[in-house]
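Visitor: Below are the sequence and a predicted model; questions follow.
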Amino acid sequence: MLESPENDENNFAMKILIDARLYGLENAGLGRYIINLIDELVNLDKKNEYVLLLRKKYFKQLDLPENWEKVPTDFRHYSFAEQIKLPGLIKRINPDITHFPHFNVPIFFRGKYIVTIHDILMHKQEGKKATTLPAPLYYFKRIGYRVAFRKAVCGSLKIIVPSKFVKKELADYYGLNKDKVIVAYEGVDSNLIPKGTEKRILKKYKVTKPYLIYAGNAYPHKNLKRAIEAVGQINKEEKKITLLIASARNVFAKRLKGFVAKLNAQTYVKLLGFVPDDELGTLYKSSLAFLYPSLSEGFGLPGMEAIQAGTLVLASDIPVFQEVYEDNVLYFNPLDFSSIAKTIKNAMSMGEKERERRISRSQNFIKRYSWIKMAKKTLETYEDSAFIRQGK
C-alpha cells in the first residue's frame, strides 16, 4: 500500500504489477528479458510488493518470496481477452504502477504504467514478406498494431529501452521528451556457458568443423538469405564451411528451408530448430564464429551470449551494433553478401593467438552489461514513476 505523502522517499513502499504473460524461453528474447528481470528483482527488492500476471504453465512452476504474489492470467497476448478482461483485472488489483514488458498495453487501460519497448522493427517491416496472413487481415492487424503501439508509448509515464539507438528512434518518431525514455542495457545469461562435451553435442547435431552459427528468429530483417548466399560463395571457392541456424520452427523458418532447397544449399546450411541453452553454449564455443547479419536490432543479445561462450562475432555494420559492441566484433556490410563472405574469410584465416586475444578482450568488454544493472535501472524507474503519480 502507498504510504502518506509526508513519509520520506526511503520509506515509500509500492505495489508493482508486472505483466509476465510472455515469461519463458519459448517467447525468445522477450521471454528471456522477463525471466531475468524477475530473477534479479526477487534478489534486489525485499521492500516493495509485487504482483505477477502469469499464464498457467509458469504459474505452477514459479516459487517466489513472500512479497511476491502470482495471479493466473491466461489471456493470450494480442487477443480480445487481453483488450477486454486485462484492464478490469489490473483495476481490481489496484497497483501503484504497472509494468508492461512489451507494447501490448490494452487500448482501454486507464491505469498508470511504464512500458518496455525493445525496438520499432515492425514500423519498418511491411508487406507480404513480413507476415503469414492474407492481405486484408494483415492490413487490419497493421492498423491495430499502430494504434496499440502509440497508446503504449504516448500513454506511459516512462519508457524503458535497451539502447540509445532505440531511444533516439522512438523519441524522434513520436516526438517524445527524451527524459521520458530510459536506457537500461540488457545482460548476458550465465546458463549459456558451455556445459556439454563438444564431441557429444557435435555428434547429436551431426556437425563437423569448421562451421558458423546463427541463433534467433528467422524473420526477414534477420537477413539470413544474404548470409546463406555468402557462405555459398565461400564454398564455391572450395573453402568448405557450414552455417548452422538454430531457430524455433515456425512459418519464417519454413520459408528459409525452402530458400535453402531452392539454392541447393543443404550441404552447407543446417537448420537445427530449437537448441537448449546448455547445448547452444557448446555449439557457440566450438564454432568459427557467430554470424549476425541482421539489418536492425534493439540491442543484440545473441551476439553477447556467443562472446561469453567463447567465440568470435561477425556482425552487421549498423548503428545499434556499433553502440553495443564497439570494436569487439568484425563488421561487414549486411546489404552485400560479398562483404559478408570477405569477413567470414578473414575469420577463417585468422591465427589462433589473434583469435584468442580478440575473444578474451571481447569477454572482458561485455562484463559492463548485466541483468543486475538492468533490474536496478528498472526499479529506479518504478520508483520515479510512482512519485510522478504522487506529484512529488
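Guide: All right, it came through fine. Numbers count the residues shown, from 1 in each chain.
Visitor: where's the nearest residue to S156 once chain neighbours are set aside relative to A184, distance?
Guide: Leaving out its chain neighbours, the residue that sits closest to S156 by C-beta to C-beta, 6 or more residues apart in numbering is V115, at 4.7 Å. Placement of C-beta: from N, CA and C, glycine included. As judged by C-beta to C-beta, to the nearest Å, V115 and A184 stand 12 Å apart.
Visitor: Any idea how many residues pack against K56?
Guide: Residues contacting K56 under the criterion other C-beta atoms under 10 Å number 10.
Visitor: my read: it touches R76, true?
Guide: No: under the criterion of C-beta atoms under 8 Å, K56 is not in contact with R76, lying 11.5 Å apart.
Visitor: Identify the residues contacting the residue nearest to S156.
Guide: 99-103, 105, 152-153, 156, 159-160 (C-beta atoms under 8 Å, 6 or more residues apart in numbering).
Visitor: Over to V207?
Guide: 201, 242, 244, 270, 283.
Visitor: now K225
Guide: 256, 259.
Visitor: Over to N235?
Guide: Contacts for N235 (C-beta under 8 Å, 6+ apart) come out as 241, 267-268.
Visitor: need those in TSV with neighbour count, secondary structure and pLDDT, can you?
Guide: Shown next, in TSV, are those (neighbours: other C-beta atoms under 10 Å; DSSP: H, G, I helix; E, B strand; the rest coil; pLDDT from 0 to 100):
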residue	neighbour count	secondary structure	pLDDT
I241	18	coil	95
T267	11	coil	93
Y268	19	coil	95
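Visitor: Among the contacts of V115, which ones are in strands?
Guide: 99-100, 159-160 (DSSP state E).
Visitor: Out of those residues, flag the one nearest to N27.
Guide: Minimum distance to N27 across these is 14.2 Å, recorded for F100 (C-beta to C-beta).
Visitor: neighbours around the closest one, how many?
Guide: The tally of other residues near F100 (other C-beta under 10 Å) stands at 24.
Visitor: Please identify which helix or strand holds the spatially closest residue to it that is not a sequence neighbour.
Guide: Among residues not flanking F100 along the chain, V115 sits closest, at 4.6 Å (C-beta to C-beta, 6+ apart). Assessed by DSSP states H and E, V115 sits inside strand 113-116.
Visitor: and I38, how many neighbours does it have?
Guide: I38: 21 surrounding residues under other C-beta under 10 Å.
Visitor: Quick one: end-to-end length of stretch 282-296, please.
Guide: End-to-end distance of stretch 282-296 (C-alpha to C-alpha, to the nearest Å): 27 Å.
Visitor: before we move on, what about stretch 152-166?
Guide: End-to-end distance of stretch 152-166 (C-alpha to C-alpha): 15 Å.
Visitor: Give me the contacts around that stretch.
Guide: 97, 100, 103-105, 109, 112-120, 167, 170, 174, 176, 180-186, 298-299, 319-320, 323-324, 377-378, 381, 384-385, 388-389.
Visitor: Inside helices: which ones of those?
Guide: Mapping these onto helices (DSSP state H) picks out 167, 170, 174, 319-320, 323-324, 377-378, 381, 384-385, 388-389.
Visitor: and of the residues you listed, the nearest to A306?
Guide: Nearest to A306, judged by C-beta to C-beta, of these is V324 at 13.2 Å.
Visitor: okay if I get the ones in helices among the contacts of stretch 152-166 as a markdown table plus distance to Y50, pLDDT and neighbour count?
Guide: Converted to a markdown table, the ones in helices among the contacts of stretch 152-166 look like this (distance: C-beta to C-beta, whole Å; pLDDT from 0 to 100; neighbours: other C-beta atoms under 10 Å):
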| residue | distance to Y50 | pLDDT | neighbour count |
| --- | --- | --- | --- |
| K167 | 26 | 97 | 20 |
| L170 | 27 | 95 | 22 |
| Y174 | 29 | 94 | 15 |
| P319 | 35 | 96 | 14 |
| V320 | 31 | 97 | 22 |
| E323 | 31 | 97 | 17 |
| V324 | 29 | 97 | 25 |
| K377 | 17 | 97 | 14 |
| T378 | 12 | 97 | 24 |
| T381 | 15 | 96 | 20 |
| D384 | 17 | 88 | 16 |
| S385 | 15 | 86 | 23 |
| I388 | 19 | 60 | 14 |
| R389 | 17 | 55 | 15 |
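Visitor: mind putting those in TSV, distance to K254 included?
Guide: Formatted as TSV, the ones in helices among the contacts of stretch 152-166 follow (distance: C-beta to C-beta, whole Å):
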residue	distance to K254
K167	35
L170	32
Y174	35
P319	31
V320	28
E323	33
V324	30
K377	38
T378	36
T381	39
D384	44
S385	42
I388	46
R389	46
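Visitor: buried sites along stretch 262-276?
Guide: Buried residues in stretch 262-276, counted by 16 or more other C-beta atoms under 10 Å: 265, 268-272, 275.
Visitor: Which residues outside the host helix or strand of K353 are in contact with it?
Guide: Under the criterion of DSSP H and E, K353 resides in helix 352-365. When contacts are defined by C-beta under 8 Å, 6+ apart, helix 352-365 is touched by residues 307-308, 310-313, 325-326, 328-329, 350.
Visitor: Just to be sure, which of the residues you listed are found in helices?
Guide: 307-308, 325.
Visitor: Next, format those residues as a markdown table and append neighbour count.
Guide: Output for the ones in helices among the contacts of helix 352-365, formatted as a markdown table (neighbours: other C-beta atoms under 10 Å):
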| residue | neighbour count |
| --- | --- |
| I307 | 25 |
| Q308 | 22 |
| Y325 | 20 |
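Visitor: just the residues you listed now: which is nearest N43?
Guide: Of all the ones in helices among the contacts of helix 352-365, Q308 has the smallest distance to N43: 20.3 Å, by C-beta to C-beta.
Visitor: give me the number of residues near the spatially closest residue to that closest one that is not a sequence neighbour?
Guide: With C-beta to C-beta, 6+ apart as the criterion, Q308 has its nearest non-adjacent residue at 4.9 Å, and that residue is V188. By other C-beta under 10 Å, 21 other residues sit near V188.
Visitor: Right, I'll call it a day here.
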